[in-house]
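Engineer: Below: sequence and its predicted model.
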Amino acid sequence: MSIKLRILFQILLFSILIFPNLNSQEKAIKKPIKKQIPKLVKNIIYPVIFEKNIKEAMVNAKNNDKKVVLIFGSPSCKHCHDFKKEIAKINLLDIANKFYFAYVNVDRDYRKAKKYNVQGTPHVFVLDSQGGIVEEQLGFQSARNFISFLTLKDKKEKISKNNAFGHLPWSPKGYRGESICFSNVGYGPLKLSTQSPFQSLRITYQPRTPSTLVKGEWEAHIQSVWANIWAIEEGDYFLDSETLSNQFNLSYGISDTMQIEFQYDQRSRFGGVGDGFIQGFHDAFGLGQDGRKDVSKENFEVLIEDQNGSDDIRLDNSDRGIYSQNLHLNYQHNITCGSYYMPALSYSVGVRRNIYSSDEVEDDFPIDLSFSVSSSRRWGDTYSYISAGFTYYGQGFLKNIQGLELKKTQMSILIAEEWKFSHRASIVLQFLYTEGAVKNRSPFSKGSNEITVGLNWEFSNQKLFQIGLIENILVFDNSADFGVFASFTVRM
């Protein structure tokens, strides 16, 4: 065999031995790839990604000719939390290249919820690329049902209320529906400060709910509080008087989480209006009169005998009339609307300018500053409130009431529970503790403890009426013996 044929034969033999191995290696490489790709895709979870806001979702949908899934939820809604857990189970590949997703917290964006007529949470809307509503679904859905809802073709789904959902308080147009953080806040406690004879001489803490008006909304509030004071300790002090506090507030939402409030209050003193009623009440329930029947029903008298060598404090019928007028400016900010587990929180700061004080009150620097924090948590049909307030009276000055020195600071704490027994009414039970105002003069240096039972009634859209009865506990001689509160609020 020639050398050329021998070389050719060796090349051919080499090719037969080598190329099948290369071919089998290629198949071995390609074969796993074909099997692995689908396997990897199925095992990888592509979670649903929410756009930053509705506007961004709509822009993307319009540019890419897709639909938008718009979900309205609330932090206090258990069904919303369960629905979010179901959405987390969804693989985006099941609904890829069809939708953009957006989530709206109704507590923070009530305008959009009103625009889409959201009736409860969670509430899902499917929008076309132009923003038109294609279909909607109210209430909790499992991941499987949600995918079916989004992917079934030629389906004209009408809104269904069979699923579990959380009700919203604005149907048809509720009082709290015009505010932020309504999910964790009810009508709230009564806006009632202490009626103690000495604490009430100056600005004191007033309860606030951690909820503000939305931007551009107004609220007008007017209230009156009548209180009867009766305290007697022979040879020490005698208080027989009544007070009337009138107040007007005008609030404005400067943003969706901040509001400013202007307030004017006027306080006057007199006697005799409620004496007959209180004596009759004590007789009806077998309660002692503690000397009430020994004094004229028309009487107004305050006597605090001297303990430090100064003159006695005496007020009589000649001192009837207005004894205090003030202007207030308050700012409130919502920190958070809370969640299903956490309460809503807010804080407020205020400044007061005294424009009139009676002669016995020395007022060298008539500017007071206040700060308060408020929290609220919903538990089904009930709401819990805890608030605290601190007030600083003036810039290094002392007020004196005919020899009695008043403290420069004062602390107050409120605990309240509200039961919303119907869609437009609730009952409130609240306890208010206010630190004593007088230095070193018992019992007036002790704190006041006042219990109030009240009713909230939204008798018409955006119009709220409140009424309450005040009773003192623990320290009886430094709190109002009995009182009545009434207010009217309208939102615009």
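Structural biologist: It's in.

Engineer: Helices along the stretch 1-150 of the chain, start to end?
Structural biologist: 3-43, 54-64, 78-88, 110-115, 143-151 (DSSP state H, counting those that start in this stretch).

Engineer: mean pLDDT for those helices: which is lowest?
Structural biologist: Mean pLDDT across the helices of the stretch 1-150 of the chain is lowest at helix 3-43; the value there is a mean of 45.

Engineer: Next one: the most centrally placed residue in the chain relative to residue 89, how far apart?
Structural biologist: The centroid of the chain falls nearest to residue 210 when counting by C-alpha atoms, centre = their mean (3.1 Å). Applying C-beta to C-beta, to the nearest Å, the value for residue 210 to residue 89 is 34 Å. Heads up, the C-betas are built off the backbone N, CA and C, glycines and all.

Engineer: picking up where we left off before, which non-adjacent residue is nearest the residue nearest to the centre of the chain?
Structural biologist: residue 346 (3.6 Å; C-beta to C-beta, 6 or more residues apart in numbering).

Engineer: Contacts for the helix or strand hosting the one you found, please.
Structural biologist: Assigned by DSSP states H and E, residue 346 belongs to strand 344-357. Around strand 344-357, the neighbours that count as contacts under C-beta atoms under 8 Å, 6 or more residues apart in numbering are 181, 184-185, 203, 208-212, 322-338, 363, 366-377.

Engineer: run the last query once more with 6 Å
Structural biologist: In this structure, residues lying in contact with strand 344-357 by C-beta atoms under 6 Å, 6 or more residues apart in numbering are 181, 184-185, 203, 208, 210, 324-332, 334-338, 363, 366, 368-376.

Engineer: same thing with stretch 253-267?
Structural biologist: 180, 212-215, 217, 245-252, 323-328, 330-334.

Engineer: okay but residue 489 is in contact with residue 464, surely?
Structural biologist: Yes: the pair residue 489 / residue 464 is scored as a contact, 4.4 Å apart, by C-beta atoms under 6 Å.

Engineer: So what sits opposite residue 452 in the bridge?
Structural biologist: For residue 452, the beta-bridge partners under DSSP bridges are residue 430, residue 470.

Engineer: Equivalent analysis for residue 375, please.
Structural biologist: Bridge pairing for residue 375 - DSSP bridges - gives residue 345, residue 386.

Engineer: thought it was touching residue 338?
Structural biologist: No: using C-beta under 6 Å, residue 375 makes no contact with residue 338, being 8.2 Å away.

Engineer: so what sits against both of these two?
Structural biologist: Going by C-beta under 6 Å, 6+ apart, no residue sits against residue 375 while also sitting against residue 338.

Engineer: Spit out the contact partners of residue 394.
Structural biologist: Listed by C-beta under 6 Å, 6+ apart, the contact partners of residue 394 are residue 365.

Engineer: Return the distance of it relative to residue 238.
Structural biologist: In terms of C-beta to C-beta, residue 394 sits 30 Å off from residue 238.

Engineer: So for stretch 300-308, mean pLDDT?
Structural biologist: Mean predicted confidence for stretch 300-308 is 76.

Engineer: what residues does that stretch touch?
Structural biologist: Contacts for stretch 300-308 (C-beta under 6 Å, 6+ apart): 236-241, 270-271, 312-317, 320.

Engineer: returning to what we had before: narrow the contacts of strand 344-357 to just the buried residues.
Structural biologist: 181, 184-185, 203, 208, 210, 324, 326, 328, 330, 332, 334, 336-338, 363, 366, 368, 370, 372-376 (16 or more other C-beta atoms under 10 Å).

Engineer: how does this structure divide into domains?
Structural biologist: If you go by automatic domain parsing, the domain ranges for the chain are 54-167, 183-491.

Engineer: a markdown table for those domains, including distance to residue 176?
Structural biologist: Output for these, formatted as a markdown table (distance: least, C-beta to C-beta, whole Å):
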| stretch | distance to residue 176 |
| --- | --- |
| domain 54-167 | 10 |
| domain 183-491 | 7 |
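
Engineer: Residue 175 is nearest to which of these?
Structural biologist: domain 183-491 (4.9 Å; C-beta to C-beta).

Engineer: partner residues bridging the closest residue to residue 313 other than its chain neighbours?
Structural biologist: Computed as C-beta to C-beta, 6+ apart, the closest residue to residue 313 that is not its neighbour in sequence is residue 304, at 4.1 Å. Per DSSP bridges, the residues bridged to residue 304 are residue 237, residue 313.

Engineer: so which helix or strand takes in residue 231?
Structural biologist: Counting by DSSP H and E, the element that carries residue 231 is strand 218-233.

Engineer: Please name the nearest non-neighbouring residue to residue 192.
Structural biologist: Closest to residue 192 by C-beta to C-beta, 6+ apart is residue 485, at 5.3 Å.
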